[in-house]
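Colleague: Kindly return the folded structure for what I paste below:
(one chain, ligands or ions: 1)
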Amino acid sequence: MSALDVPDAPLWPQEFAERYRAVGWWRGETFGQMLRDRAAEHPDRVAIVDPGSRPARRWTYGELDRRSDRLAAGLLARGIGKGDKVVVQLPNIAEFFETVFALFRIGALPVFALPAHRETEVRYFCEFTEAAAYVIPQQLGGFDYRGLAAKLVDEIPTLRHVFVADGDAGPFEALSDVATDPTGPVPSPPTPSDLAFLQLSGGSTGVPKLIPRTHDDYIYSLRGSNEICAVDEDSVYLVALPAAHNFPLSSPGSLGALHAGARVVLCPQPSPETAFPLIESEGVTITGLVPPLALLWTEAAPVTSYDLSSLDVLLVGGAKFSEEAARRVKPALDCTLQQVFGMAEGLVNYTRLDDGPETIVTTQGRPISPDDEIRVVDDEDEDLPVGETGHLLTRGPYTIRGYWRAPEHNARSFTADGFYRTGDVVRLTETGHIVVEGRAKDQINRGGEKIAAEEVENHILAHPSVHDANVVAEPDAYLGERTCAYVILRAGAEPMRSAAIRKFVRERGLASYKVPDRVEFVEVFPQTGVGKISKKALRAATSTPASS
Ligand SMILES: O=C(O)c1cccc(O)c1O
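Modeller: Model (predicted):
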């Protein structure tokens, strides 16, 4: 086999795939057909509410279906088709769904960037995936995405199209001008076992890893999530977090809601001031938040004048929700808390709606599927007895068998028999619920935003005055964790202020949540017995910060 024949992503061995189909986890659905079916069943039900646009928009299932077909036709006419990659960097607007369903229909793969990503990240996604197109808003929060796009189309040969989803397209094509009447069926539509999209990993390495998900496996996770979270066609799901993130996309998220024929309401931003009026006016029944936002909501709810009584379920995940904060949810919001511990690589755990109150506040739930295999192991990969704390490994019908185009990394991140090494440190209760105790991967979880220490270290190391850098988590009352960078300057370098390092990292075009919250200049790093740098000692030092 020549290098070119190596598949981009290892998928499930045949005997596993056959079993997952035989048991009925994989039902041979595709996203394109899923929307077609819902539109046929109830064309006039509202699928998408976009209250942030002027005027506000309400698209029915019929309309979303038609729009996706028309956009698909326009993309095909521009030579974008099966297997092409398209970086989608859109905020919570209706066009997000029109775009991804158009791409799903023609078998082109969305690569889900977040609005917070900047040149460094987006350039990497475009180059690494050899993306054919990049879909952006005109601007958001004062950042003009067209400027970034202009630079990238200039410099990346594969990138042939930029589509602007809203506002003034400038030198590029407006997404609304792409749509056209289809001239016939899509030439070779994707099959259920094909890849549907590339999702982003929180990651712990120098560059983000891409996660290949198939129609069959992801749709199974939606169906399973809907059942566990009681999402049906009468549900109203509020997308409060960034729409492309795996949690609001799939747990059960907007795509789960669309699978159920429910209504998706797009929240332009997640503050109580914006979200509460929408909960009242749309009768929102379910939403998902990261812990810092859940705290804000529980503080605001008891004193709000908005009627939040439609809200049945609040999902909280993305980072560990402290027991004390979890206890406040039910009294403040009068809804059921569901803790969700998930990952874009696959495995998603939920507390169940009928779990006892102690289980709901003290555990992170249990897996969606009876076929999710969970192992808790020691440093030598030996299984530990129930109740002991160790590394979480998992394998199952919606957990990837490898990252996209990353064979060397895959050899480390997966066991020989296909278990994914999550990097999370957990223990299991007698009831099979998971309690997250920490993590072994070198990552900071900043209020649900995952930051790979190595990625930030590399950017700091690019500074000419820096000799070495180590980035670690430090406790933060609101975010759970924030980042602290320990920096050793080169011998003879002029003394620097921490603001200069922060500015340097920001100007390298990194998402702002990755800019270190604090920078400490030190002479040496603490070392372990064998002379390796001890991040453990650095983390301990950050708990009792020296004044800077
Ligand atoms: O990535 C996550 O943190 C996450 C959290 C909750 C649910 C999910 O699906 C996730 O991917």
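
Colleague: Low-confidence ranges, the stretch 1-150 of the chain, go.
Modeller: 1-6 (pLDDT under 70).

Colleague: how about the strands of it, start to end?
Modeller: 46-50, 57-60, 85-88, 109-112, 133-136, 139-140, 143-144 (DSSP state E, counting those that start in this stretch).

Colleague: Figure out which of those is closest to the ligand.
Modeller: Closest to the ligand of those, according to CB to the nearest ligand atom: strand 109-112, at 11.3 Å. Just so you know, the C-beta spots here come from the backbone N, C-alpha and C atoms, and that holds for glycine as well.

Colleague: Let's see the pLDDT reported for G531.
Modeller: On pLDDT, G531 comes in at 81.

Colleague: Against E507, how distant is whichever residue of the stretch 51-200 of the chain sits closest to the ligand?
Modeller: Closest contact between the stretch 51-200 of the chain and the ligand, by CB to the nearest ligand atom, is at Q199 (8.2 Å). Distance from Q199 to E507, counting by CB to CB, to the nearest Å: 28 Å.

Colleague: Any figure for the gap between the closest residue to R146 other than its chain neighbours and R328?
Modeller: Nearest residue to R146, sequence neighbours excluded (CB to CB, 6 or more residues apart in numbering): G170, at 4.6 Å. Per CB to CB, G170 is found 46 Å from R328.

Colleague: quick check, A301 in a helix?
Modeller: Yes. Secondary structure of A301 (DSSP: H, G, I helix; E, B strand; the rest coil): part of a helix.

Colleague: Now for it: which residues touch it?
Modeller: Shown in contact with A301 (CB atoms under 8 Å, 6 or more residues apart in numbering): P272, F276, L308, A332, L333.

Colleague: Need those in TSV (columns: distance to F128 and pLDDT).
Modeller: Compiled in TSV, the contacts of A301 are given as follows (distance: CB to CB, whole Å; pLDDT from 0 to 100):
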residue	distance to F128	pLDDT
P272	38	98
F276	40	98
L308	43	98
A332	43	98
L333	41	98
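
Colleague: Could you pull up phi and psi at K209?
Modeller: Backbone geometry at K209, expressed as degrees, to the nearest 10, gives phi -100, psi 150.

Colleague: OK, contacts around the nearest residue to F31 once chain neighbours are set aside?
Modeller: Using CB to CB, 6+ apart and skipping the chain neighbours, the partner closest in space to F31 is F104 (3.9 Å). Contact partners of F104, counting by CB under 8 Å, 6+ apart, are T30, F31, G32, L35, S68, P110, P190, A196, F197, H215.

Colleague: any idea how far the third one lies from P192?
Modeller: Right, G32. 10 Å.

Colleague: which one of these two has more residues nearby?
Modeller: Between G32 and P192, G32 has the larger neighbour count (other CB atoms under 10 Å), namely 24 against 18.

Colleague: I'd say R78 and H161 touch.
Modeller: Yes. Between R78 and H161 there is a contact at 6.2 Å, judged by CB atoms under 8 Å.

Colleague: which bits of the protein sit near the ligand?
Modeller: Along the chain, the residues adjacent to the ligand under the rule CB under 6 Å from any ligand atom are N246, F247, S250, S251, G317, G318, V340, G342, M343, A344, V348.
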